[in-house]
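Asker: Dropping the sequence and predicted coords here.
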Amino acid sequence: MKANFGKATAIAFALALAIGVSAQVAAAQDGGRKIEEQFKNIQALNGAPADMLNPTMVYFEAALGVGCPFCHDPDGNKREVDTERKRTARRMIAMVNTINQNTFGGAKVVTCMTCHQGRNKPIGVPFVVTDQAPPALGEAYLDSLPGPAPIPNVTVDQIFNKYMTALGGADALQKVSSLTARGEMIQRRPARDFPAVALEISAKAPGKQLIVSGAGQNADRLAYSGNSGWTGNRDLRRAELDGKRLEDAFNIATQLKEILVDPKVDHPEVVNGRELYVVSARTQALPMVKLYFEKDSGLLTRLVYHTDSIFGPYPTQIEYRDYRDINGRKVPHTWVIAGTRNREYTYVMRNVQAAAVDDGVFAKPARQ
Ligand code: HEC
Ligand code: HEC
């Protein structure tokens, strides 16, 4: 028992260290600005890098299973206004910091998710065994799980090369080095239907992409070009930029080696009956990335990345489906981006073409 506790704590410390390091990276890139220097009414999160505010709010949403207005004024321009729930959340932040400080030596072991588990009110009373109750996931359950499959005798380069070959080879990627696509984006949340919106994507090797979703004046625009990106009037945060580059199904193959830090072959997995090779890595700004390649076809079918917040990371998962041939190059025509709090976006491309794309479309528009 004691040994187990030691191990868990050691892992937690390593995690806290990793989070600390990437928080410093974010701070350095943000000119070292702190949250309280960029925002108006900060009383609990003082001292953390300004870039950490947004991911931490997304983390709160995910942990409590709520939206921003649960804690904030319904007017999105008044986030500094205090509400009863914002005050409660500040007490919770203080409580979590105290628990971690006093009981876990300062490591980020207890988070909002530990108690809340996606509910605004945590459940304190255990369930009786009925069909409706969630299954018990204790020692009997853990013992019943098969151990991880052994790490295969294959190198990261072999996996990446097979992926390149499956896409048509470096020649095909060079020949069809820019693409335009039209289709639609469908957002799904439980108990809420959203109409599909028009989607237009322009992409160019090695790493440039513009996504326009919606139509006319209200269309949302997001673009990146190598190491910088923007949406609307603002620049993307470092972690956001790395995430968008990983989500870019058109350019990911030619960017992998540049984006990934420390890629390693991990335990393989079976998903939907297919054997997958798994490569795990991180990026400059994201603490964890996992890529899933089909063992047989060599194609990339899934990618999961973690974004850091003050209280711990949260995941985003992308599935690349429906690979079709465009002038000798294989291009996924559907990709599904699943975030936390049941947010899921499906991009369905209907008209993908090899076409010249002017570099100007990726540039941030001048401020009006
Ligand atoms: C669980 C409650 C909770 C949720 C949900 C939440 N917030 Fe917050 N938010 C807070 C608290 C508490 C603060 C103040 C932190 C402090 O005092 O250090 C805050 C502060 C902010 C601020 C800084 C405002 C200022 O200028 O002082 C912004 C911006 C913000 N939140 C945006 C968001 C967005 C966007 C979402 C949804 C993605 C969100 N929040 C969801 C609790 C929440
Ligand atoms: C040790 C367990 C625990 C942790 C950790 C925890 N909470 Fe809570 N939280 C609770 C409990 C229990 C309640 C419900 C209290 C009640 O029913 O009045 C609650 C209630 C809340 C509420 C009010 C919900 C409502 O319906 O009005 C907010 C907001 C909240 N927590 C935010 C957070 C945030 C943000 C974090 C992480 C910084 C966090 N909590 C971490 C136990 C916890």
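Answerer: It's in. Ligands and ions are numbered 1, 2, ... in the order given.
Asker: mind checking the SS state of the spatially most central residue of the chain?
Answerer: Centroid check for the chain by Cα atoms, centre = their mean gives residue 316 as the closest residue, at 3.2 Å. Using DSSP: H, G, I helix; E, B strand; the rest coil, the three-state assignment for residue 316 comes out as strand.
Asker: Looking at it now. What's its pLDDT?
Answerer: In this model, residue 316 is scored at 97, pLDDT.
Asker: And for residue 307?
Answerer: Looking at residue 307, the pLDDT reads 97.
Asker: number of nearby residues for it?
Answerer: By other Cβ atoms under 10 Å, 24 other residues sit near residue 307. (Each C-beta comes from the backbone N, C-alpha and C, glycine too.)
Asker: Can you pull the phi/psi pair for it?
Answerer: Phi and psi for residue 307, reported as degrees, to the nearest 10, are phi -110, psi 130.
Asker: interface residues of the stretch 251-368 of the chain facing ligand 2?
Answerer: Proximity of the stretch 251-368 of the chain to ligand 2, by Cβ under 6 Å from any ligand atom, involves residues residue 311.
Asker: pLDDT below threshold where in the stretch 251-368 of the chain?
Answerer: For the stretch 251-368 of the chain, the stretches with pLDDT under 70 are 368.
Asker: ok, which stretches of it are strands?
Answerer: Applying DSSP state E, counting those that start in this stretch to the stretch 251-368 of the chain gives strands spanning 261-271, 274-282, 288-294, 300-307, 314-326, 329-338, 344-354.
Asker: Throw those strands into a markdown table and include distance to residue 156, thanks.
Answerer: Shown next, in a markdown table, are the strands of the stretch 251-368 of the chain (distance: least, Cβ to Cβ, whole Å):
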| stretch | distance to residue 156 |
| --- | --- |
| strand 261-271 | 5 |
| strand 274-282 | 6 |
| strand 288-294 | 10 |
| strand 300-307 | 13 |
| strand 314-326 | 19 |
| strand 329-338 | 21 |
| strand 344-354 | 27 |
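Asker: Would you mind giving the ones you listed as a markdown table with distance to ligand 1 added?
Answerer: Listed next are the strands of the stretch 251-368 of the chain as a markdown table, based on distance: least, Cβ to the nearest ligand atom, whole Å:
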| stretch | distance to ligand 1 |
| --- | --- |
| strand 261-271 | 28 |
| strand 274-282 | 24 |
| strand 288-294 | 21 |
| strand 300-307 | 12 |
| strand 314-326 | 11 |
| strand 329-338 | 16 |
| strand 344-354 | 16 |
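Asker: Of those strands, which is nearest residue 172?
Answerer: strand 329-338 (4.2 Å; Cβ to Cβ).
Asker: now for that closest one, which elements pack on it?
Answerer: helix 169-175, strand 314-326, strand 344-354 (3 or more Cβ pairs under 8 Å, 6 or more residues apart in numbering; DSSP states H and E).
Asker: now it: how far from the chain's centre is it?
Answerer: 16 Å (Cα atoms, centre = their mean, to the nearest Å).
Asker: Same question for stretch 202-211.
Answerer: Chain-centre distance of stretch 202-211: 19 Å, with Cα atoms, centre = their mean.
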